[in-house]
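Participant: 3D, please:
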Amino acid sequence: MEDVALRLKALLFPAIADIAVLSVDVDIEKVRLDAQCTTAGAACPECGVCSTRVHSSYLRFLADVPSAGRSVVLQLRVRRFRCGNTKCPRQTFVEQISGLTRRHGQRTERLRSILTAVGLALAGRAGARLAAVLGMSISRSTVLRLVEALPEPEVPTPRVVGVDEYATRKGRRYGTVLVEVETRRPIDLLPDREASSLARPAARGRGRLPGPRAVLRGRLHCRGTPGDAGCRPLALVAQPRGSR
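Facilitator: Residues are numbered from 1 along each chain as shown. Okay, the predicted model is just below:
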């Protein structure tokens, strides 16, 4: 029996060491995996002190990647530990399995990564339709939330920045879009068309023009030029006819 459990663990969770598969229940539409963590203790997420004092335990039900057309549910027994640090504001905490669970998560990390990749490729509505075909039921709003939860990618300093306008309400409300000309990738969206907005180094928590060498301006109608932004001297290398 122990040999069978080890084979199931190696088959279902090959990259996760601290988990044991207790049983597998299969019916026509669903596969249920009963598992638990095998570590003796866990580290407090607040202070980092490791604890082995178990306060209680309960079951978590996590959706996992479908198998052979069947939905998979991971029935995971998790423990709540008492923090051994008397100065820690958190008295108890629940263990998390690295690479498998996260706090308040309803899906395993591998299912979450697949749905996030679908959302990045197809956005909300189309991504939800494809996920349903693949056996992963999810709403378009949740797909978008998964994409929005991704960390900001590391963006190298662009050499040439394109500056143009976009309309949130045509004829009344416009903003500014910044594009890296060489890779044609959007850098950011500014809420208005003022040249002073380009000088804000960390509006909405992100840098704006970290040091481009030149600016390609489109149909942007704003007071001043991007070189007046105050970040550094910029060259207005091109501008379409009629936008001057």
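Participant: For this structure, which element, helix or strand, carries the lowest mean pLDDT?
Facilitator: Each helix and strand of the chain was given a mean pLDDT (mean pLDDT, DSSP states H and E); the minimum falls on strand 235-238 at a mean of 48.
Participant: Grab the most central residue of the protein for me.
Facilitator: Leu150 (2.1 Å; C-alpha atoms, centre = their mean).
Participant: That one sits in which helix or strand?
Facilitator: No secondary structure element spans Leu150, as it lies outside all helices and strands (assigned by DSSP states H and E).
Participant: Spatially nearest residue to it, not counting backbone neighbours?
Facilitator: Nearest residue to Leu150, sequence neighbours excluded (C-beta to C-beta, 6 or more residues apart in numbering): Thr116, at 6.6 Å. For the C-beta atoms, the positions are set from N, CA and C on the backbone; glycine is no exception.
Participant: and the one you found, backbone torsions?
Facilitator: Here the main-chain torsion angles of Thr116 (degrees, to the nearest 10) amount to phi -70, psi -40.
Participant: Could you tell me which residues make contact with it?
Facilitator: By C-beta atoms under 8 Å, 6 or more residues apart in numbering, the contact set of Thr116 is 146-147, 150.
Participant: Pipe those residues into a markdown table and attach pLDDT and distance to Val72 per row.
Facilitator: What follows is the contacts of Thr116, written out as a markdown table (pLDDT from 0 to 100; distance: C-beta to C-beta, whole Å):
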| residue | pLDDT | distance to Val72 |
| --- | --- | --- |
| Leu146 | 94 | 18 |
| Val147 | 93 | 23 |
| Leu150 | 91 | 24 |
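Participant: what distance separates the helix or strand where Leu178 lies from the centre of its chain?
Facilitator: With secondary structure defined by DSSP H and E, Leu178 is part of strand 173-180. The chain centroid and the centroid of strand 173-180 are separated by 24 Å, computed with C-alpha atoms, centre = their mean, to the nearest Å.
Participant: Would you mind listing the buried residues in that strand?
Facilitator: Counting neighbours by 16 or more other C-beta atoms under 10 Å, one finds that the buried residues in strand 173-180 are 174, 176-180.
Participant: List the strands paired with it, with their directions.
Facilitator: Based on DSSP bridges, the strands next to strand 173-180 in the sheet, each with its direction, are strand 160-169 (antiparallel), strand 185-190 (antiparallel).
Participant: Is Ile97 located within a helix, as I assumed?
Facilitator: No: per DSSP: H, G, I helix; E, B strand; the rest coil, Ile97 lies outside any helix segment and is coil.
Participant: I'd like to know how far it sits from Arg112.
Facilitator: Using C-beta to C-beta, to the nearest Å, Ile97 is found at 14 Å from Arg112.
Participant: Name the residues of the helix or strand hosting Phe61 that come out as buried.
Facilitator: Following DSSP H and E, one finds Phe61 within strand 54-67. When burial is assessed from 16+ other C-beta under 10 Å, strand 54-67 yields the following buried residues: 62-66.
Participant: got a list of what Thr168 touches?
Facilitator: Shown in contact with Thr168 (C-beta under 8 Å, 6+ apart): 174-175.
Participant: Tell me, what's the model's pLDDT at it?
Facilitator: Per-residue confidence for Thr168 comes out at a pLDDT of 77.
Participant: Repeat that for Arg159.
Facilitator: The predicted structure lists Arg159 with a pLDDT of 77.
Participant: and it, how many neighbours?
Facilitator: Arg159 is surrounded by 12 other residues when neighbours are defined as other C-beta atoms under 10 Å.
Participant: so it sits right up against Thr183, yeah?
Facilitator: No: the pair Arg159 and Thr183 does not pass the contact test of C-beta atoms under 8 Å, sitting 10.1 Å apart.
Participant: the strands in this structure, which residues?
Facilitator: With DSSP state E as the definition, the chain shows strands at residue ranges 19-26, 30-37, 42-43, 50-51, 54-67, 70-82, 92-94, 160-169, 173-180, 185-190, 214-217, 235-238.
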